[in-house]
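Chemist: Let me see the structure of the following:
(chains A, B, C and D)
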Protein chains: 4
Amino acid sequence: MIISMKLRATREEIDEVCEQVKQFGYKVHSIEGEERVVIGVVGVGDVTACMESIEAMPQVDNVVRISAPYKFVSREFRKEKTRIKVNGTEIGGDEFVVMAGPCSVESEKQIMQAAEAVAKAGAKLLRGGAFKPRTSPYDFQGMEEEGLKLLEKAKRATGLAIITEVMSERGVDLVAQYADVMQVGARNMQNFMLLKALGKCGRPVLLKRGLSSTVKELLMSAEYVTAHGNPDVILCERGIRTFETATRNTCDIAAIPVLNELTHLPVILDPSHATGKRSLVPAVSRAGVAIGADGLIVEVHPAPEKAMSDGAQSLDLAQFQKMMAELQPYLELWRESRKTQEAALSAGR
Amino acid sequence: MIISMKLRATREEIDEVCEQVKQFGYKVHSIEGEERVVIGVVGVGDVTACMESIEAMPQVDNVVRISAPYKFVSREFRKEKTRIKVNGTEIGGDEFVVMAGPCSVESEKQIMQAAEAVAKAGAKLLRGGAFKPRTSPYDFQGMEEEGLKLLEKAKRATGLAIITEVMSERGVDLVAQYADVMQVGARNMQNFMLLKALGKCGRPVLLKRGLSSTVKELLMSAEYVTAHGNPDVILCERGIRTFETATRNTCDIAAIPVLNELTHLPVILDPSHATGKRSLVPAVSRAGVAIGADGLIVEVHPAPEKAMSDGAQSLDLAQFQKMMAELQPYLELWRESRKTQEAALSAGR
Amino acid sequence: MIISMKLRATREEIDEVCEQVKQFGYKVHSIEGEERVVIGVVGVGDVTACMESIEAMPQVDNVVRISAPYKFVSREFRKEKTRIKVNGTEIGGDEFVVMAGPCSVESEKQIMQAAEAVAKAGAKLLRGGAFKPRTSPYDFQGMEEEGLKLLEKAKRATGLAIITEVMSERGVDLVAQYADVMQVGARNMQNFMLLKALGKCGRPVLLKRGLSSTVKELLMSAEYVTAHGNPDVILCERGIRTFETATRNTCDIAAIPVLNELTHLPVILDPSHATGKRSLVPAVSRAGVAIGADGLIVEVHPAPEKAMSDGAQSLDLAQFQKMMAELQPYLELWRESRKTQEAALSAGR
Amino acid sequence: MIISMKLRATREEIDEVCEQVKQFGYKVHSIEGEERVVIGVVGVGDVTACMESIEAMPQVDNVVRISAPYKFVSREFRKEKTRIKVNGTEIGGDEFVVMAGPCSVESEKQIMQAAEAVAKAGAKLLRGGAFKPRTSPYDFQGMEEEGLKLLEKAKRATGLAIITEVMSERGVDLVAQYADVMQVGARNMQNFMLLKALGKCGRPVLLKRGLSSTVKELLMSAEYVTAHGNPDVILCERGIRTFETATRNTCDIAAIPVLNELTHLPVILDPSHATGKRSLVPAVSRAGVAIGADGLIVEVHPAPEKAMSDGAQSLDLAQFQKMMAELQPYLELWRESRKTQEAALSAGR
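Modeler: Below you'll find the predicted structure:
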């Protein structure tokens, strides 16, 4: 932690700050610049509490944290990428994993059709919401447990693993009975009660980045889940909110290599929400493969124009199949590059 | 709803879209422009479902909603401002209401000191979190029920009403036993399960605007609470997230008159979170009074540099008292202007 | 400047960085933390060049600048607010200054009508663009020199000073013949060639904040003008670009007290561009007075629905007059508070 | 254009709006909804002037433009991608074009070394600024004409074409003597005087997207150049400004396929400014190739830690060579996909 004092802070004021820092168990090194004094803080202590306290002192201009605020999820804590086994598939491993399906489970026919088509095209997980977070209370809120049962049926029929959303602490037990992966939506990324409950749910968690959450905040939310007992967290870039309206969200593609530097957790891309527009999904998916994501989660619907939600960004079954076929040569390059990375890592970097 | 077709859409494609619209119970008016066809949709039906469906059709360029997506919270539904009675005080009425207190309840001494000071300075509600949503799992998470009990004690001692945060569906019953107003934090503004539960909690709700939520989304979240049975919602502008880092958030002050045009619900301002910096709180508070907010919620702590959270943005007791004194002439102007508005309203505008 | 090294940086790598820093004439203090080494840099040198160099070294994690990058415009350089005399009026002085008029000069009749009305209502400067920066090449680009001549005529008729926009280096001389204050539009805030030329124009400059410029960048642009010889710069908050679409821009009202802390330059508010909506202008103007701006610049048009630009955010003549009347009691409070500040300043704070 | 009237607008008010629209030469179709009246406007006229006028009328709620505001740059105007010939290379054609070199020209040795290395690695254009737009007046502002002469020398030695920045209207003639492509920096994207001058410069123009400019505004700025006589405009995505600070800017990768849908102009990616961090450049460049950009512009410096600007985001010569080698298999996929697209286009889509 580095504290910069206000210009013209007196010796007394500086000493007062140093004393306060020491009460948190730290040592201080003060550096007298031409313009102002800067205090370096070293040692082990409660960083946040100390920062909060120092920031509140009137003679202090600014406090900068140097150490990362997360631990379990950092690359420093663990060098190799976490591999998460789900129903015979490995996320974060040697294969690029595609999750696909409709935004919402709407009927048995719809989900079975979608499941069969995405399985055939190469997806390994079936997505589909039974509980839907909708901006309006008047919109379709999902089929709830009935939807979960249809997902289970689709799983039995196709062998696909199930990823589905859980919307609150209270819903965790029910969803965990059906889901292979528990999805946390963007609007719940900082629903800390939910994150704590997912720490104990016994299932991998897919954590979507919040609409205006920084990469660091995404990692902090993942840290909540791991610190409460569950190391199996998959991160998902799904676009952030900016001033641009040509796309539904702005796909922050560079967040993928940034996350790969900072964390060992797998990172996937949601090209459907990141763009909001069907015609852009294949191109953005290619970019996701090329940039080194661990997988994709894509909205696919047998009849997008009849979808109860997100139709405009859903591929139909033929479009999804075509996209998967076109991705193949990129996936080959992906596999080779993954092998090179692993060789480099095991050679000790 | 207005549908614009892609350039060069054929007669057949246009008819197909019109047919689809009619299935939702609407009538269509198609307008042939020089460049493209635009279809006007009128009547009563499920707007969202229809929009979702039409947006997903490939020959459609764009769909624009004309009618507001909210109903109960709109000025069209109710012309007079909603007045919410809390412990003898009225929010949205003839008096500007100040809520103040520490970010977190930390100890009996701390909360009692704060309560007495803010009551003396003119606050009517005591704020203080017992359950704290913190970005890091390692930070202080609040005193929980013990904190609620201390708030109750402070209420008995000072007569202040209590406003405190509820973080999840599961916590609603407990918090409702102690709180006069249930606060929903910015990160939970779209925790729809929580909003539904608050629709039945029997207490007024203070809904803070999400970090990257639009004014319209804030109103939709308020609509959740009202549509589930609770008309007593207070909205709170507390700054949004932008590129600017000179302040913790960017205070969207114009959202207050915007909301006053769109809704009859009371709107208050949180100058502490909106700026993140103690020295800016008095100036921003004055702006809030002048622009026509219904109240303020301010962080005040007996010893900000010892606060377990938000010390840098908390006023100490003397600073709060000074600020309240300096606000007095602005509050007089506020009262006069409120009277003028009411007279205009009752005269039928 | 504070340099934090990567985790696991070797002694050799640290020494290399220290050597590099010393080449810029600085001294270093290295602090060994539990996790990593942090290097404090003190002395006098070319900060930016040194930062650029150090940031580029692979073993460095992060470099944080401590000193402000601007000098002449800072409060440290000059404690008292700069007072800028314009045609008998003082900006930054004891009176709140209102500038008003149409977006564009469109005809003699229009500008004369506007000028007379705003002068009568209390404005001291007449605004009106003769050169218009328009997003589309097909939109009205202004009356150019003819427009400047009409402004001169209006000045003679009313005694109002003239503020008008200059769009490029090449236009400076011409505009300076007619303008009392040279206005730089938001899109030109970082047109550095223009800023340099304005350093030598011999007229005060009104610098509008860029759509996505930080407060610090605004100050750096002002520093360009002052460093090139012109100390008379007025800053203008006019709303920034965010995700919110309920208003044309987001009025960053807190930037005003932030700027008042950081700089001695006068700061005014443009409530018209900050909101884009006529109905919001009076409320936001009140907020600007209450928060301590030095003035307002407001769009006023004799017939907004006939305006060639910005009609939706322009007040008509009667609306402007009404607003000015309603501001009076707030302006009285403003004057009192200005006096208190000056007394405090001259007492030596 | 679609006009929605305010709720409760009277028949008279609606007629008034219709009359006003007709004065601009349009026809109107009014649609009576349950809640409000919507007016469709068709025909040919001055859209912007009409919109401005209507938006300013008090009984109007909202006006939505349907037709695109640009013409020459749109895909409707021209179906095939514009191919721009530069010194024997074609941008927008059958080959992916890489432009590379230092941020600034700093010395003969530096630019010659850079030029030789990037030519050898496969770049076709040499970038290097002689006029530098710097946030601070105290930072290195470029070698000016001397820098241009060094670029010419490097061109003679290597055969590379030259792309270099022009900062103002006044500098156009000078830069055009040396440059093969005239670069407009992000901060000048809406410097309309410069854009007009570039319409007549007789050289292709590379237009960088502004920090907070929408895709539509980028196209409007390109329209300025084309409408003033120069059809050879290359667009460049270089990251936008958002709340995220993990990267210098946020790379809006989806803007590339969005632009490919909307315009026939070539679109390239600047992975250096888009990320601000050397380690991210290769991954983001791969994404750029995979998503279908027409080229890259990359910062490369012989000794980044000695660079006078942008060292942290510059690759050194070996890193650039390595990146180019690793891009090869992606470039092969790019060529195949380009052929398929062309075949599809010539088959008449």
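Chemist: contacts for stretch A:136-148?
Modeler: A:104-106, A:128-132, A:134, A:150, A:164, A:174-175, A:177-179, A:308-309, B:48-49, B:69-70, B:192, B:196, B:220, B:223-224, B:227-228 (Cβ atoms under 8 Å, 6 or more residues apart in numbering or on different chains). For the C-beta atoms, the positions are set from N, CA and C on the backbone; glycine is no exception.
Chemist: and the stretch 101-250 of chain A, which residues reach chain B?
Modeler: Contact residues, the stretch 101-250 of chain A versus chain B (Cβ under 8 Å from any Cβ of the partner chain): A:133-140, A:167-171, A:187-188, A:190-194, A:196, A:211-212, A:217, A:220, A:223-224, A:227-228, A:241.
Chemist: Just to be sure, which of those are found in strands?
Modeler: Among those, no member falls in strands (DSSP state E).
Chemist: Which members of these occur in helices, if any?
Modeler: A:F192, A:M193, A:L194, A:K196, A:E217, A:M220, A:E223, A:Y224, A:A227 (DSSP state H).
Chemist: Let me see the contact set for the first one.
Modeler: Contacts for A:F192 were tallied using Cβ under 8 Å, 6+ apart; they are A:Y224, B:P133, B:R134, B:P137, B:M167, B:R187.
Chemist: let's see it at 7 Å
Modeler: A:Y224, B:P133, B:M167 (Cβ atoms under 7 Å, 6 or more residues apart in numbering or on different chains).
Chemist: Can you select the buried ones from these in PyMOL?
Modeler: Buried residues within the contacts of A:F192, by 16 or more other Cβ atoms under 10 Å in any protein chain shown, are selected in PyMOL with:
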select buried, (chain A and resi 224) or (chain B and resi 133+167)
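Chemist: Contact residues of the stretch 1-150 of chain A facing chain C?
Modeler: Within reach of chain C by Cβ under 7 Å from any Cβ of the partner chain, the stretch 1-150 of chain A has these residues: A:2, A:4, A:7, A:29, A:31-36, A:38, A:40, A:42-44, A:64, A:66-67, A:76.
Chemist: Going through the residues you listed, which ones are buried?
Modeler: For the residues of the stretch 1-150 of chain A next to chain C, buried by 16+ other Cβ under 10 Å: A:I2, A:S4, A:H29, A:I31, A:G33, A:R36, A:V38, A:G40, A:V42, A:V64, A:I66.
Chemist: Return the item of these having minimum pLDDT.
Modeler: For these, the minimum pLDDT belongs to A:G33; the value there is 77.
Chemist: Quick check: closest non-adjacent residue to that one.
Modeler: Nearest non-adjacent residue to A:G33, counting by Cβ to Cβ, 6 or more residues apart in numbering or on different chains: C:V42, 4.2 Å away.
Chemist: Tell me where the model's unsure across chain A.
Modeler: A:348-349 (pLDDT under 70).
Chemist: domain assignment for it?
Modeler: Chain A is divided into the following domains under automatic domain parsing: A:2-64, A:84-346.
Chemist: so can I have TSV of these showing distance to D:V98?
Modeler: Listed next are the domains of chain A as TSV, based on distance: least, Cβ to Cβ, whole Å:
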stretch	distance to D:V98
domain A:2-64	37
domain A:84-346	16
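Chemist: can you map out the strands along the stretch 51-200 of chain A?
Modeler: Remark: strands assigned in the stretch 51-200 of chain A by DSSP state E, counting those that start in this stretch are A:60-64, A:84-86, A:89-91, A:97-101, A:125-127, A:161-165, A:181-184.
Chemist: Tell me how many other residues crowd the closest residue to A:M220 other than its chain neighbours.
Modeler: Closest residue to A:M220 in three dimensions, ignoring its sequence neighbours and counting by Cβ to Cβ, 6+ apart: B:T135, at 5.0 Å. Other residues within reach of B:T135, judged by other Cβ atoms under 10 Å in any protein chain shown, total 19.
Chemist: B:T135 and A:E169: what is the separation?
Modeler: Distance of B:T135 to A:E169, computed by Cβ to Cβ, to the nearest Å: 18 Å.
Chemist: mind listing what the closest residue in space to A:L280 that isn't next to it in sequence touches?
Modeler: The spatial neighbour of A:L280 that comes closest, neighbours along the chain excluded (Cβ to Cβ, 6+ apart), is D:P257 at 5.1 Å. By Cβ under 7 Å, 6+ apart, D:P257 lies in contact with A:L280, A:A283, D:I291, D:G292.
Chemist: Longest helix in chain A, by number of residues?
Modeler: Max-length helix for chain A by DSSP H is helix A:317-346.
Chemist: got the contact list for the spatially most central residue of chain A?
Modeler: With distances taken as Cα atoms, centre = their mean, A:L235 lies nearest the centre of chain A, 2.7 Å away. Taking Cβ under 7 Å, 6+ apart as the contact definition, A:L235 lies against A:L207, A:L218, A:A222, A:L259, A:L265, A:V267.
Chemist: Next: A:D270.
Modeler: Here A:D270 is in contact with A:C236, A:R238, A:I297 (Cβ under 7 Å, 6+ apart).
Chemist: switch the cut-off to 8 Å
Modeler: So A:D270 contacts A:K208, A:C236, A:E237, A:R238, A:G239, A:L296, A:I297, A:V298 (Cβ under 8 Å, 6+ apart).
Chemist: can I get those in a markdown table with neighbour count, secondary structure and distance to chain D?
Modeler: Output for those, formatted as a markdown table (neighbours: other Cβ atoms under 10 Å in any protein chain shown; DSSP: H, G, I helix; E, B strand; the rest coil; distance: Cβ to the nearest Cβ, whole Å):
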| residue | neighbour count | secondary structure | distance to chain D |
| --- | --- | --- | --- |
| A:K208 | 26 | strand | 16 |
| A:C236 | 26 | strand | 16 |
| A:E237 | 28 | strand | 11 |
| A:R238 | 23 | coil | 12 |
| A:G239 | 27 | coil | 8 |
| A:L296 | 25 | strand | 13 |
| A:I297 | 26 | strand | 16 |
| A:V298 | 27 | strand | 15 |
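Chemist: Quick check: the two most widely separated of the buried ones among the residues of the stretch 1-150 of chain A next to chain C?
Modeler: A:R36 and A:V42 (19.8 Å; Cβ to Cβ).
Chemist: Most neighbours among the ones in helices among the residues of the stretch 101-250 of chain A next to chain B, which one is it?
Modeler: When neighbours are counted by other Cβ under 10 Å, A:L194 leads those with 31 neighbours.
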